[in-house]
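Visitor: starting from these lines, generate the structure:
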Amino acid sequence: MLRPMESTARPPQQPAPARRSAALRARLRWGAAVQRLRGRLRPFRTPWVGEVLLAEQVITLSQLEKALERQTELGQPIGVTVVMLGLAAEEEVLAAINKHYRIAAEALTENIAGMIRSRAASRRSLHELRRLLRMRLSLVIAAVIWVTILALSLVVIGRHETRLTNDAMQLGAVSLDYLAESARGPLVAGNAADLNRIAKAITRTQGVREAIVTDNADVVRAHSNAKAIGERLTTDPAAQGQRLERDVTYAVSKNTAGSKLLFMRKPVLSQGKRVGWAHLVISLDGISREVLREGVMIGLLSLLIVAFGVMLAIQQGGSLLRPVSAWLASAPTGESAEEFRVRVRSHHEFEDLAASFDHISQQLSQKLMVERSFGRYVNPSVLEMIRANPEEPWLKGQRNQVSVLFTDVRGFTAIAETREPEAIVDALNEYFAIATSAIVAAGGYVDKYIGDAVLGVFGVPSSHDDHALLAVKAAVTIQKQLKRRSRNNLNPFLDKVGIGVNSGLVLSGNIGSDDKMEYTVIGDCVNVASRLNGLAAPGEIIVSDAVVSQIPSHLITLRTLAAQPVKGKKELVVAHKVLKTEF
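Guide: Next up is the predicted model:
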């Protein structure tokens, strides 16, 4: 529980108490309903902690005013001030803050403001994601609707224009038949008045612009325009014809004014012989205007349909994306996966997805738990290699040049006999922690703990050309740390540790059975390091010739010991005691 404390910082200048209290009341009298309305209008507004405590009924309005008046002189955040004044318990304040802001603060002394800002930023990014997904969904639906309507419109309008053109051709064919039949007698008799009367009568038919009768030499004998009579018809598009049905030739063309015209021509027959030609020119501008009106109508209708589709996409997209956004908002990150569970309030297609999310979360939680536990037993570099390449050849054993560091407690058995097992374990763990930290910091890994001994390896699985130098550095660091910690410490092991270091060829890889395997190193180098360690007195570091040959002489001062017989070796081993180092 927090206790009141004096603030050493100079309080900032504040308004007079009366003015502050009045302003405070004006701000807080809005009540919970106004706060909820404001929250809907401004979804990303992060409520003030005081408002949260008030809304969660942890404190009353008068208590909040009292806390605000004392906050300045105490120099603490409002939540801490409330607890220090005894207005609410720390557990209640924390519960309200964690519930409202969806954070996991364990004490009011944590950086709660930073956690709130981080959470608010996450909410904003999720809203941006949902807004972007809605926009994309709307654009896709709008594009699909628009392309569909456009394709249908082109088909429908094209069919409609074709049908109207065919109707115009049929109507023209009837008028052309009438013109050819009526013009036979007057044309043979050379009765120009009757021919012109017939031509003018035909032009009164809807859509017919010109009616023309020519002789076999294409000289105009009758024309709805009297000025053209007697001239030679030389520019008749129908003479080249684009379509021929029975004895009628059709052609569609545009004149210089841009009008779309249908030209029709049919021979005038008398007693089976052609005596001339009947021509009609029909305007198709009415059809073009009708098609344009239909296109505009379809365009307006398509806009309404697209707008409705976009609105529906936004509404349905929000409904579909809301649970996904909620899951993303509470999705696991890092080591918090075990706290993530998906909750579905309705039974629909997202129920299976929620179950999948929950299953993935549980699997991730178990994986993280196993990795955290496994990481305590395996060196991080070994763990990373196993995870990245579980079947690589290095697991089967490889020859490598390495340096091996051995530490051991002198007189461990005698000390252990006089102490309780719990005390022995605590003392060993402190010593192991110092040795492990120094080995890992120098680039090596702890291969194993053997009773009171520590075996450190440099050069595998992470390769280092200067593995001998790294091993000696780690040994020097261990002895320095043990000496420093033993000055005011009751741990009997810290000042009784000897260290041996050797370099040589080893076989590194997995050793064991299918049920249990261990990554380790095996070779004469390891055995010699253990024997050198046996020569080291408490606080000493003994190294072999192989180690010395790899370290520049100016970096290390040694005292060569007499050649020593080593168990398992026929030849004597020359060892050196480290006196001083320059690193």
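Visitor: chain center to stretch 479-498, what's the gap?
Guide: Distance of stretch 479-498 from its chain centroid, counting by C-alpha atoms, centre = their mean, to the nearest Å, is 51 Å.
Visitor: which stretch of helix or strand covers Lys577?
Guide: strand 575-581 (DSSP states H and E).
Visitor: which residues does that strand contact?
Guide: 472-473, 475-476, 532, 535-536, 540-545, 548, 555-561, 564 (C-beta atoms under 8 Å, 6 or more residues apart in numbering). C-beta: built from backbone N, CA, C; applies to glycine.
Visitor: ok, stretch 189-197 next?
Guide: With C-beta under 8 Å, 6+ apart as the test, stretch 189-197 has contacts from 183, 185-187, 213, 221-223, 226, 229.
Visitor: and it, average pLDDT?
Guide: Per-residue pLDDT over stretch 189-197 has a mean of 89.
Visitor: for that stretch, buried residues please.
Guide: For stretch 189-197, a neighbour-count test (16 or more other C-beta atoms under 10 Å) marks 191, 194-196 as buried.
Visitor: check stretch 79-88 too.
Guide: Buried residues in stretch 79-88 (16+ other C-beta under 10 Å): 79-85, 87-88.
Visitor: before we move on, what about stretch 499-510?
Guide: Buried, per 16+ other C-beta under 10 Å, within stretch 499-510: 499-504, 506-509.
Visitor: try stretch 507-522
Guide: Residues 507-509, 519-521 are the ones in stretch 507-522 that count as buried (16+ other C-beta under 10 Å).
Visitor: my read: Ser182 touches Lys200, true?
Guide: No. Proximity of Ser182 to Lys200 does not meet the contact threshold set by C-beta atoms under 8 Å, at 11.8 Å.
Visitor: can you name every helix or strand that the top strand by length along the chain contacts?
Guide: If you go by DSSP state E, the chain has its longest strand at strand 497-512. Strand 497-512 sits against strand 398-409, helix 467-486, strand 517-522, helix 524-535, strand 541-544, helix 545-548, with contacts defined as 3 or more C-beta pairs under 8 Å, 6 or more residues apart in numbering; DSSP states H and E.
Visitor: can you flag the buried ones in the contacts of strand 575-581?
Guide: Of the contacts of strand 575-581, these count as buried by 16+ other C-beta under 10 Å: 472-473, 475-476, 532, 535-536, 540-544, 548, 556, 558.
Visitor: for the longest strand of the chain, C-alpha coordinates in PDB please.
Guide: Listed next in PDB are the C-alpha coordinates belonging to strand 497-512 (Å, rounded to 0.1, in the frame of the first residue of the first chain):
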ATOM      1  CA  VAL A 497      37.500 -22.000  -6.700                       C
ATOM      2  CA  GLY A 498      40.400 -23.200  -9.000                       C
ATOM      3  CA  ILE A 499      40.200 -23.000 -12.800                       C
ATOM      4  CA  GLY A 500      42.000 -24.900 -15.600                       C
ATOM      5  CA  VAL A 501      42.000 -24.000 -19.300                       C
ATOM      6  CA  ASN A 502      43.200 -26.100 -22.200                       C
ATOM      7  CA  SER A 503      42.900 -26.000 -26.000                       C
ATOM      8  CA  GLY A 504      42.700 -28.800 -28.500                       C
ATOM      9  CA  LEU A 505      40.700 -30.900 -30.800                       C
ATOM     10  CA  VAL A 506      37.300 -32.200 -29.700                       C
ATOM     11  CA  LEU A 507      34.300 -33.900 -31.200                       C
ATOM     12  CA  SER A 508      31.200 -31.800 -30.700                       C
ATOM     13  CA  GLY A 509      27.600 -32.900 -31.300                       C
ATOM     14  CA  ASN A 510      24.700 -34.800 -29.900                       C
ATOM     15  CA  ILE A 511      25.400 -37.700 -27.600                       C
ATOM     16  CA  GLY A 512      22.700 -40.000 -26.100                       C
END
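Visitor: so what strands line up beside it?
Guide: Sheet pairing of strand 497-512 (DSSP bridges) gives strand 398-409 (antiparallel), strand 517-522 (antiparallel), strand 541-544 (parallel).
Visitor: return the distance of stretch 294-307 from the chain's centre.
Guide: With C-alpha atoms, centre = their mean as the basis, stretch 294-307 stands 37 Å off its chain's centre.
Visitor: revised request: answer the last question for stretch 266-282.
Guide: 78 Å.
Visitor: quick one: the longest strand of the chain to helix 467-486, angle?
Guide: Angle of strand 497-512 versus helix 467-486, following axes from the mean of the first three to the mean of the last three C-alpha atoms, to 10 degrees, is 130 degrees.
Visitor: quick one: average pLDDT of strand 497-512?
Guide: Averaged across strand 497-512, the pLDDT comes to 91.
Visitor: any stretches of the stretch 351-500 of the chain with poor pLDDT?
Guide: Within the stretch 351-500 of the chain, the ranges that satisfy pLDDT under 70 run 351-396.
Visitor: now Gly539. Nearest residue, chain neighbours left out?
Guide: The shortest distance from Gly539 to any non-neighbouring residue, by C-beta to C-beta, 6 or more residues apart in numbering, is to Gln479 (6.0 Å).
Visitor: distance of that neighbour from Pro77?
Guide: Separation of Gln479 from Pro77 (C-beta to C-beta, to the nearest Å): 47 Å.
Visitor: those two: who's more crowded?
Guide: Gln479 (23 against 15; other C-beta atoms under 10 Å).
Visitor: these two touch, right, the more buried one and Gly498?
Guide: No. At 9.3 Å, Gln479 and Gly498 do not qualify as touching, with contact defined as C-beta under 8 Å.
Visitor: what residues are shared contacts of those two?
Guide: Jointly contacting Gln479 and Gly498 under the rule C-beta under 8 Å, 6+ apart are 539-541.
Visitor: could these go into JSON lines alongside pLDDT and distance to Ser486?
Guide: Formatted as JSON lines, the shared contacts of Gln479 and Gly498 follow (pLDDT from 0 to 100; distance: C-beta to C-beta, whole Å):
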{"residue": "Gly539", "pLDDT": "95", "distance to Ser486": "9"}
{"residue": "Glu540", "pLDDT": "96", "distance to Ser486": "15"}
{"residue": "Ile541", "pLDDT": "97", "distance to Ser486": "16"}
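Visitor: turn those into JSON lines, including distance to Val248.
Guide: Below are the shared contacts of Gln479 and Gly498 laid out as JSON lines (distance: C-beta to C-beta, whole Å):
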{"residue": "Gly539", "distance to Val248": "122"}
{"residue": "Glu540", "distance to Val248": "122"}
{"residue": "Ile541", "distance to Val248": "117"}
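Visitor: picking that back up, how about JSON lines for the helices and strands packed on strand 497-512, with distance to Gln57 added?
Guide: What follows is those, written out as JSON lines (distance: least, C-beta to C-beta, whole Å):
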{"stretch": "strand 398-409", "distance to Gln57": "60"}
{"stretch": "helix 467-486", "distance to Gln57": "52"}
{"stretch": "strand 517-522", "distance to Gln57": "58"}
{"stretch": "helix 524-535", "distance to Gln57": "67"}
{"stretch": "strand 541-544", "distance to Gln57": "66"}
{"stretch": "helix 545-548", "distance to Gln57": "71"}
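Visitor: to Leu68, which of these lies closest?
Guide: Minimum separation from Leu68 across the helices and strands packed on strand 497-512 (C-beta to C-beta) falls at helix 467-486, 49.2 Å.
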